[in-house]
Structure formats: structure tokens, C-alpha cells
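>>> 3D, please:
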Amino acid sequence: MSQKLLEVSGISKTYRKEEGPVLQEVSLHLEAGQLLALAGESGSGKTTLLRLIAGLEEPDSGSIHLNGEPVAGPSEKLIAGHPDIRVVFQDFRLFPNISVEENIRHALRKYEKGYREQRLRQMLSLTRLDCLKNRLPRMLSGGEQQRAALARALADEPALLLMDEPFSNLDHVLRRNLRREIRDILAGSGCGVIIVTHEPDDALSMADQITLLRAGRVLQQGSPAEIYHQPRTAYAAHFFGRANIIQVSNLLPLLQKEEAGRQLAEALITHRDSALCIRAEDLAASSPGRAHLTGKVRSIRFFGAFEEATLALQEDMQITLLIPPGSLQPGQVTGVHIAKNKWHLIKEE
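Reported below is the predicted structural model:
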């Protein structure tokens with residue numbers, strides 16, 4: 001049975017009253033060994049929440065518990081922070097004038113020599129830094145620096161690791177490769193992990209659970225698959241990928257024109273005041289007999305393995321679908337098929 005490692009209950013934080021709250025009644029929990037992504041755009045409160053969890057700042061209200069014990073804020077401690085929580089910041093904060101090995105040793109300085117040397121070897125091996133252990137941080141690539149910062153943070157076996165925008169300084173290719181590497185490293189560490197990110201791909205590809213923040217409030221929480229396929233709001237749908245949000249009342253007349261669309265129209269008729277969410281990849285160009293809708297291609301954008309086609313269903317309504325390269329042309333009229341059970345109703349904002 002999974003053990004609840006972290007419990008955040010009703011956390012609120014305001015820096016300046018005239019600017020309003022940064023966080024409002026935020027609650028979440030993390031189980032041992034899980035990776036949670038705090039996702040959201042800049043200014044959503046992600047980094048503030050991370051600092052509160054780390055014990056580096058004081059909440060105005062609410063509570064934070066690690067392994068059932070309260071996390072004390074800076075007003076209750078001589079040195080802010082928690083002994084079982086480590087933070088990896090965006091700029092890595094490696095000591096610049098000592099080697100990778102000595103950076104890791106520094107985190108182990110309070111331990112006896114046998115454990116220190118054993119743990120050092122484990123960290124160098126886990127993060128694949130054995131051959132780079134004698135280099136100074138400035139001699140490392142961005143990805144290598146990230147792994148070195150991770151090795152130092154994990155060295156003394158913290159219960160919880162917090163990572164603030166871990167890939168923000170890296171280029172696209174390195175970011176993609178490092179996601180997989182770091183996920184493997186963290187899986188081998190056994191500690192709970194929270195990453196802060198404004199990049200949806202980081203959250204979807206790495207996390208066991210996602211908490212989506214907007215303007216200091218929790219908008220949605222759940223597994224990556226749940227949040228991607230069943231977003232509760234238009235904002236959540238658009239944040240995590242290409243989504244078509246269409247008012248049901250506007251869509252019904254168009255569905256009723258097509259034989260294949262009438263069954264879907266019947267299912268939606270009692271929801272005419274709601275909005276329909278359909279992912280772009282759940283639409284396909286189709287022959288008239290299978291079409292739920294008909295549209296005219298306005299534009300096509302090339303993305304390598306696929307193209308993004310924008311279709312006008314009528315003058316003031318358009319949808320986006322993903323298609324094989326070269327399968328449609330601008331100006332072409334085509335049927336559109338909606339994959340079975342791949343739509344759902346959402347709240348309009």
C-alpha cells in the first residue's frame with residue numbers, strides 16, 4: 001500500500017494586498033516514490049508553492065506535512081528549510097570552483113567516511129558522471145550540470161526532492177533526452193519528487209500526477225492521461241495540447257446535416273448550453289458516408305510526421321485536425337469523422 005509522503009492542505013499566500021493572493025486554498029498530496037508536476041503558466045504560483053513546501057517561506061494559512069510531521073516555516077528555524085527536503089533550482093547552484101565529485105562530497109560532509117564514499121560512487125554511477133567527476137561545473141554541458149545538481153541533491157537520500165523548472169535552460173533536443181534520463185534516475189532514487197514546469201510536455205511525459213495551477217488556484221489534478229483526455233475547462237484543454245472547443249448549440253445544426261452526425265447530435269441535444277472538447281488527433285478527414293461534419297481547408301501547417309489542418313465548418317466556426325502529410329490541400333472540401341467516445345463536455349470559462 002502506498003504511503004502518503006506529503007500533504008498540503010488549504011495553503012494561501014499573499015505578498016502585497018493590493019496585488020491580491022499568489023496562492024488561494026491550494027491542496028495536494030504526494031505518495032512515496034511518486035513524481036508530481038506542478039504545471040501552469042508564468043505567474044500561476046508554482047514556484048511560490050514549491051518554496052512553501054520546502055520551508056523557505058511562510059504560508060498565510062493552511063498546513064504542510066511531510067511524513068505526518070509539520071514542515072516548519074523560516075520564522076520557526078534558525079536556518080530556513082527542512083532536513084529531509086532538497087531543492088534543485090533553475091540555475092543549478094553548483095559550487096563553481098570545485099569538481100563534480102567535490103560538489104557531491106559536500107552534500108555528504110556530515111556522514112562517516114565509509115557511507116560517504118559508497119554514496120558518492122552510487123551517485124556518480126546513477127547519474128552517469130563517473131568520467132566527468134574531476135571536471136569543474138563550467139566544463140560541463142547544460143545537461144551534465146543538471147545531472148550533477150541532481151546527484152548532489154539526492155546524495156544524502158532526502159525524502160522529498162523539489163525541482164524548479166529543471167529544463168528551462170536547455171535546448172529542445174537536450175530537453176527531450178534529459179527528460180527520459182532524469183525520470184530513470186529519479187525512479188532509482190526512491191524519493192518523492194515535485195517538478196515545477198510551464199512546459200506541458202515535461203508534465204505529461206514525466207509525472208505520475210499533475211496539479212495544474214492558474215492564478216494561484218488548483219484548476220485540475222489527476223494523472224497525465226486523465227488531464228489530457230478529460231480536461232475540465234477550456235484552459236486545461238488548450239494548455240496540454242491541440243483542442244477544439246465548440247459550443248454545442250452551434251454544432252448541432254452542422255451535425256444534423258450529415259447522416260453519420262445525427263446520432264451524435266441526439267446524444268448532445270440535452271447539452272446545448274455546454275461546450276464540446278475534441279482533441280485534434282481525434283478528428284480525421286473522411287469520406288461523406290462516415291463524416292460527422294463537412295469543412296473546407298483554410299490552411300495547412302507542416303510538422304514533419306504530421307500536418308495540422310484548419311477547416312472552416314462555416315464562416316465563423318473552424319476546427320483543427322492532424323492529418324498525414326499531403327493528404328489534404330488548401331481549398332479542398334472534406335468530411336470530418338470524430339473518433340468514437342473521444343469527445344467530452346467541459347465548463348466554459
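>>> now do residue 83: how many residues are near it, please.
Counted with other Cβ atoms under 10 Å, residues neighbouring residue 83 total 10. From N, CA and C alone the C-beta is placed, and that goes for glycine too.
>>> just the helices in the stretch 101-250 of the chain please.
With helices called from DSSP state H, counting those that start in this stretch, the stretch 101-250 of the chain shows them at 113-126, 142-154, 172-189, 200-206, 224-229, 234-239, 248-256.
>>> which of the ones you listed sits closest to residue 75?
Minimum separation from residue 75 across these (Cβ to Cβ) falls at helix 142-154, 25.0 Å.
>>> and the closest one, how far out from the chain's middle?
Remark: helix 142-154 is offset 20 Å from the chain centroid, using Cα atoms, centre = their mean, to the nearest Å.
>>> ok, stretch 56-75 next?
Here stretch 56-75 is found 24 Å from its chain centre; the criterion is Cα atoms, centre = their mean.
>>> quick one: end-to-end length of that stretch, please.
10 Å (Cα to Cα, to the nearest Å).
>>> export the helices of the stretch 101-250 of the chain as TSV, with columns for distance to residue 276.
Output for the helices of the stretch 101-250 of the chain, formatted as TSV (distance: least, Cβ to Cβ, whole Å):
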stretch	distance to residue 276
helix 113-126	46
helix 142-154	41
helix 172-189	32
helix 200-206	21
helix 224-229	14
helix 234-239	11
helix 248-256	5
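>>> so who does the closest residue to residue 42 other than its chain neighbours touch?
Distance criterion Cβ to Cβ, 6 or more residues apart in numbering; nearest residue to residue 42, sequence neighbours excluded, is residue 198 at 6.0 Å. By Cβ atoms under 8 Å, 6 or more residues apart in numbering, the residues touching residue 198 are 39, 40, 41, 42, 46, 165.
>>> and the pLDDT at residue 198?
At residue 198, the model reports a pLDDT of 93.
>>> re earlier: report the buried members of the contacts of residue 198.
Taking 16 or more other Cβ atoms under 10 Å as the criterion, what is buried in the contacts of residue 198 is 39, 40, 46, 165.
>>> so the second one touches residue 46, yeah?
Yes: at 5.4 Å, residue 40 counts as touching residue 46 under the criterion of Cβ atoms under 8 Å.
>>> any shared contact partners between the two?
Common neighbours of residue 40 and residue 46, counting by Cβ under 8 Å, 6+ apart, are 198, 213.
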